[in-house]
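Asks: Requesting a structural model of the entry that follows:
(one chain, ligands or ions: 3)
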Amino acid sequence: MARAIILMLDSFGVGAAADAEEFGDVGANTFGHIADACARGDADIGRKGPLHLPNLERLGLGLLAEASSGKRPPGFHFNGPAEALYGFAQELSRGKDTPSGHWEIAGVPVLFDWHYFPNRVPTFPTDFIAELVEKGNLPGILGDCHASGTEIIARLGAEHMQTGKPIVYTSADSVLQIAAHEESFGLDRLLKLSELARELLDQHGLRVGRVIARPFVGDHADNFKRTGNRRDYSVLPPAPTVLDKLVAAGGEVISIGKIADIYAHQGITQKVKASGNDAIFDATLDAIRTAPAQSVIFPNFVDFDMEYGHRRDVAGYARALEAFDRRLPELFAALQPGDRVFMAADHGCDPTWPGTDHTREYIPVICFGPDLKLPAAGGFIGRRDTFADIGQSIATHLGLPATDYGSSFL
Ligand SMILES: O=P(O)(O)O[C@H]1O[C@H](CO)[C@@H](O)[C@H]1O
Ligand SMILES: [Mn+2]
Ligand SMILES: [Mn+2]
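Replies: Ligands and ions are numbered 1, 2, ... in the order given. Reported below is the predicted structural model:
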């Protein structure tokens, strides 16, 4: 029975990509810089000492990071042979955003330019905001700027609760985010407003990747906290992905966490709601135990990005990686013959880098399965020219029509 499990470690980059200069990201390295900080003793909060990822290390993580960044991360001494195919990939898509990375992994790179909002105040077009205010029955909006989502709710959350004006902001990504209080503004109202924003952007011809609803709770700047009720409203991928091809062939695609939102609910047959890396890991194990042949099981481990990368929380990122690694034996035990696990990321988000945005990096590519025969010479699959090599390998494994981009490493 053939199945594919895609473990998306959101933002886990392994060193500046060849074109990092165009993004101001020369020298960025999410994995390498976390390992450096841990080795220096600078990430001893809730954990201690060098970064310890023994399971990922045996799958080739240290080896591939040396190949992608030119430097073996400190503490990673395993010289192989790795228990997986391992390599790293360059992104073909023009943006370093989540949809571009995800769609490319599924065989569809984004070769057009998204619309980005300029880094000035106001950031959004005035006619668009006027229409949003009118059609959304709003007293106005707050924000209208670039911001980090946690900082802006601390700064404007109280005013939002007093005035009823939602907080509308963006970042270096092609996103429009709306933060509003779950109770005082109302979750349903926020979701409807986000849908309206999506429609209006499309009508205004603004090719914005996602509108993101960011509900939060709390009653004071010190305790405002975003909840798991986040929703992303994406445009459709520009061509059928390997997920669409599997669905067309009668297979199952099981989204765990925010995957369904990222693919605009296309090429998905089951949606499992889960929030937080641990709950997502649990749901992944459940799906591995029950999914039929011809399935893709696709979780996104978003905490790496949302809770630690964007927050520039190095110790938190290290803790989350170590927690993920500790749970891998549960996954190994649940796998069945014919299963192939594809471990990847969608972009970088170096927690030591200036600002709070993503970083243009290579992603790790790791593939293993209980009955996958590894070449005697070792499983290094080199530098892949596009993330789409993963989608193409999935198409090969599941016997689906080839995707337009990528070459299979299986
Ligand atoms: O700062 P927060 O609101 O977490 O926003 C981040 O999350 C967005 C979507 O992943 C990114 O575009 C980035 O701006
Ligand atoms: Mn992402
Ligand atoms: Mn992100």
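Asks: The stretch 151-300 of the chain: helices as residue ranges?
Replies: Taking DSSP state H, counting those that start in this stretch to define them, one finds helices in the stretch 151-300 of the chain at 187-203, 242-248, 259-262, 277-290.
Asks: Buried residues, the first one. List them.
Replies: Pointing back at helix 187-203 there. 187, 189, 190, 191, 193, 194, 196, 197, 198, 200, 201 (16 or more other C-beta atoms under 10 Å). For the C-beta atoms, the positions are set from N, CA and C on the backbone; glycine is no exception.
Asks: and the gap between residue 24 and ligand 1?
Replies: Residue 24 is 16 Å from ligand 1, where distance means C-beta to the nearest ligand atom, to the nearest Å.
Asks: Measure how buried that residue is and give me the count.
Replies: Around residue 24 sit 15 other residues, with neighbours defined as other C-beta atoms under 10 Å.
Asks: Then residue 335?
Replies: Residue 335 has 17 neighbours, counted by other C-beta under 10 Å.
Asks: Kindly report the same for residue 159.
Replies: When counting by other C-beta under 10 Å, one arrives at 11 neighbours for residue 159.
Asks: Check what pLDDT the residue nearest to residue 270 when sequence neighbours are not counted gets.
Replies: Closest residue to residue 270 apart from its sequence neighbours, by C-beta to C-beta, 6 or more residues apart in numbering: residue 254 at 4.5 Å. Per-residue confidence (pLDDT) for residue 254: 98.
Asks: and what of residue 153?
Replies: With respect to pLDDT, residue 153 scores 98.
Asks: Report the contact partners of it.
Replies: By C-beta atoms under 8 Å, 6 or more residues apart in numbering, residue 153 lies in contact with 160, 167, 179, 214, 216, 224, 226.
Asks: Isn't residue 62 up against residue 77?
Replies: Yes. With contact defined as C-beta atoms under 8 Å, residue 62 reaches residue 77; the gap is 7.5 Å.
Asks: more crowded one of those two?
Replies: Higher neighbour count among residue 62 and residue 77: residue 62, with 26 against 8, using other C-beta under 10 Å.
Asks: ok so the more buried one is a strand residue?
Replies: No. Judged by DSSP: H, G, I helix; E, B strand; the rest coil, residue 62 forms no part of a strand; its state is helix.
Asks: Name the nearest residue to it, ignoring sequence neighbours.
Replies: Among residues not flanking residue 62 along the chain, residue 76 sits closest, at 3.0 Å (C-beta to C-beta, 6+ apart).
Asks: Read off the pLDDT value for whatever residue of the chain ends up closest to ligand 2.
Replies: Relative to ligand 2, the nearest point of the chain is residue 98 (3.4 Å; C-beta to the ion). Per-residue confidence (pLDDT) for residue 98: 96.
Asks: What of the one 10 residues further on?
Replies: Here the pLDDT value assigned to residue 108 is 98.
Asks: Can you pull the residues of this structure lying near ligand 1?
Replies: 98, 148, 149, 171, 173, 175, 177, 212, 306, 310, 356 (C-beta under 6 Å from any ligand atom).
Asks: among those residues, who's most crowded?
Replies: Among those, residue 98 has the most neighbours (other C-beta under 10 Å), with 28 neighbours.
Asks: before we move on, back to that, highest neighbour count among the contacts of residue 153?
Replies: Counting by other C-beta under 10 Å, top hit in the contacts of residue 153: residue 179 with 28 neighbours.
Asks: got a list of what it touches?
Replies: By C-beta under 8 Å, 6+ apart, the residues touching residue 179 are 143, 149, 152-153, 157, 160, 166-169, 214-216, 226.
Asks: same thing with residue 257?
Replies: Residue 257 sits in contact with 272, 273, 274, 275, 280, 283, 299, 300, 301, 302, where contact means C-beta under 8 Å, 6+ apart.
Asks: next one: residue 145
Replies: By C-beta under 8 Å, 6+ apart, the residues touching residue 145 are 121, 122, 123, 152, 169, 170.
Asks: hmm, try it at 10 Å
Replies: 117, 119-124, 152, 156, 167-170 (C-beta atoms under 10 Å, 6 or more residues apart in numbering).
Asks: Next to ligand 2, which bits of the stretch 1-150 of the chain? Give me the list.
Replies: Contact residues, the stretch 1-150 of the chain versus ligand 2 (C-beta under 5 Å from the ion): 10, 98.
Asks: Kindly recompute the last result at 8 Å.
Replies: Taking C-beta under 8 Å from the ion as the contact definition, the stretch 1-150 of the chain meets ligand 2 at 10, 11, 97, 98, 101, 102.
Asks: quick one on the thing from earlier: is it possible to mark the buried ones in the contacts of residue 145?
Replies: 117, 123, 124, 152, 156, 167, 168, 169, 170.
Asks: The third one and residue 70: what is the separation?
Replies: So the one you mean is residue 124. Applying C-beta to C-beta, to the nearest Å, the value for residue 124 to residue 70 is 41 Å.
Asks: Could you do the second one as well?
Replies: Distance, residue 123 to residue 70, using C-beta to C-beta: 37 Å.
Asks: do the last one as well
Replies: In this structure, residue 170 lies at 34 Å from residue 70, with C-beta to C-beta as the measure.
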